[in-house]
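Trainee: Sequence and predicted structure are below.
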Amino acid sequence: MPPPTFFLVSVPNSVTGTGDRDDALAVIRDTIGTEQGTTVSFAVPEFKIGTLDALIQQADDLAKLEAGCKSVVEKVADSLRSLLDGDEEKIQEQKVVNDRPVGNYLQSFQWNKVKYRADKPIAELADLLQKEVAAVDNDVKAKFSQYNSTRSTLVALQRSHTGNLSQKSLTAVVNPERLLKPEDSEYLQQHLIAVPAQLAKEFYKSYETLAPMVVPRSAQLLAKDDEFHLFAVTTFKKHSAEFVHKCREHRWTPRELKFTDGGQQAEEEELRKLEKEERRIWGESLRLGRAGYSDAVMGWIHILALRVFVETVLRYGLPLEYACGLVKTDAKRSKKAKAELDKRFAELGGNAVSKDKKGRPKVDDSAMQQEMAGAGLGGGDTGYEPYVFYEFEIA
């Protein structure tokens, strides 16, 4: 199921005859209509306002910061998807904000006044939010990297217990007492070679002449399965490297038997420990991913609230008299909903927006628009809107 599409829309109270905020929000709601989505109030605090130059710089900085927050949310969502093997039902159970569905959090958004005091400068709030979201990114990345590493090691170890003779551990297959250990002879060395079953006859015919100084008739069949036969072959040490190289050229797989204390029992114990460790880190990763997703989404929405405020001041000026609404729609209906907003609030663009022959709003390519877009104002895919508008989806 695709994620819902959200709009943040801010318009001056002057769009109504009464100049009342609730009436301005009602205009947004009526413009969208129940057919195209649902509209609720989005509460934005009144922050400290600096100079015009500072606001323009903040608009640009916040645009970049918001893109970074969105990227972190998407990365954490991808990590959860990987951890839960793409099970959408389980993924949605973890993708919550303060233990609530994302949509519920957005539609009842309240600025966190305890962590982000509104009487602080906007630049200071943005810096604090940036550091928190970056910390989430680093923590989740480190934990999931630890899990992936542990998981890879476990998969390799499990494969060594279940694969064919060219892959699996040989501890349970070969009796070490039957083999020549490296330290047992100054001149001779024994090699373990896994040969595809269909090439076994060829191996018997050719292994003695594969390299110089292969001990004649030294090949011993130690084990076999449906795919491979495992042989032990003795050569002189000074020609061992050449013999191994020639085996690979013939598509025979050289194997190495590690002589460890405890043998098969030690390997099985190692596997059990690693399985337990993998389960532990999986649980830690899930908890951190869930918390990280929540924190990253909250950081992103707080940054969006700052963007709405800054752009509202730049567009509509002081005193601040505006209404901000959150629209919930979907990809199928969002285009029409956006067109209705453009049509209804076209007059807010002044000379920057005219109408075509069918009465639809048309944006003129003026230097003013380019300057505003370059300053990070506006969040729609079409570039400049005559009102404050941000469109987003949360992964």
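Mentor: Great, that's in hand.
Trainee: In contact with Arg151: list those residues for me.
Mentor: 278, 282 (Cβ atoms under 8 Å, 6 or more residues apart in numbering). For glycine as for every other residue, the C-beta is placed from the backbone atoms N, C-alpha and C.
Trainee: go with 6 Å
Mentor: Glu278 (Cβ atoms under 6 Å, 6 or more residues apart in numbering).
Trainee: Which helix or strand lies directly C-terminal to the strand or helix carrying it?
Mentor: Element membership of Arg151 [criterion: DSSP states H and E] is helix 122-162. Sequence order places strand 188-196 as the next helix or strand after helix 122-162, per DSSP H and E.
Trainee: Please list the outside residues in contact with that next one.
Mentor: Residues contacting strand 188-196 (Cβ under 6 Å, 6+ apart): 165-166, 179-180, 203, 228-234, 237, 240, 247, 252-255, 257.
Trainee: out of those, which are inside helices?
Mentor: 203, 240, 247 (DSSP state H).
Trainee: Closest to Arg21 out of those residues?
Mentor: Within the ones in helices among the contacts of strand 188-196, proximity to Arg21 (Cβ to Cβ) peaks at Cys247, which comes in at 81.2 Å.
Trainee: and that closest one, how many neighbours does it have?
Mentor: Per other Cβ atoms under 10 Å, the neighbour tally for Cys247 reads 22.
Trainee: Surely it is in contact with Pro254?
Mentor: Yes. Contact criterion Cβ atoms under 6 Å: Cys247 and Pro254 qualify, at 5.4 Å.
Trainee: per-residue pLDDT, Ala373?
Mentor: The per-residue pLDDT reported for Ala373 equals 54.
Trainee: Actually, Arg280.
Mentor: 97.
Trainee: what about it, helix or strand, and which?
Mentor: Arg280 belongs to helix 263-316, assigned by DSSP H and E.
Trainee: Quick one: low-confidence residue ranges for the stretch 201-350 of the chain.
Mentor: 259-264, 350 (pLDDT under 70).
Trainee: try 90
Mentor: Counting by pLDDT under 90, the ranges of the stretch 201-350 of the chain that qualify are 256-271, 348-350.
Trainee: Just name the closest of the ones in helices among the contacts of strand 188-196 to Ala59, please.
Mentor: Among the ones in helices among the contacts of strand 188-196, and counting by Cβ to Cβ, the member closest to Ala59 is Cys247, at 66.8 Å.
Trainee: how about the ones in helices among the contacts of strand 188-196 in CSV, adding distance to Phe42?
Mentor: Shown next, in CSV, are these (distance: Cβ to Cβ, whole Å):
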residue, distance to Phe42
Phe203, 74
Ser240, 73
Cys247, 70
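Trainee: Tell me the one among those residues nearest to Lys64.
Mentor: For these, the residue nearest Lys64 by Cβ to Cβ is Cys247; the value is 56.8 Å.
Trainee: Domains of the protein: list them as residue ranges, please.
Mentor: 1-45+323-395, 47-162+263-319, 176-259 (automatic domain parsing).
Trainee: mind listing what the residue lying farthest from the centre of the chain touches?
Mentor: Distance from the C-alpha centroid of the chain peaks at Pro216, with 57.9 Å (Cα atoms, centre = their mean). When contacts are counted by Cβ under 6 Å, 6+ apart, Pro216 touches Glu208.
Trainee: One more: the one 5 residues further on?
Mentor: If a contact means Cβ under 6 Å, 6+ apart, then Leu221 has Phe231 as its contacts.
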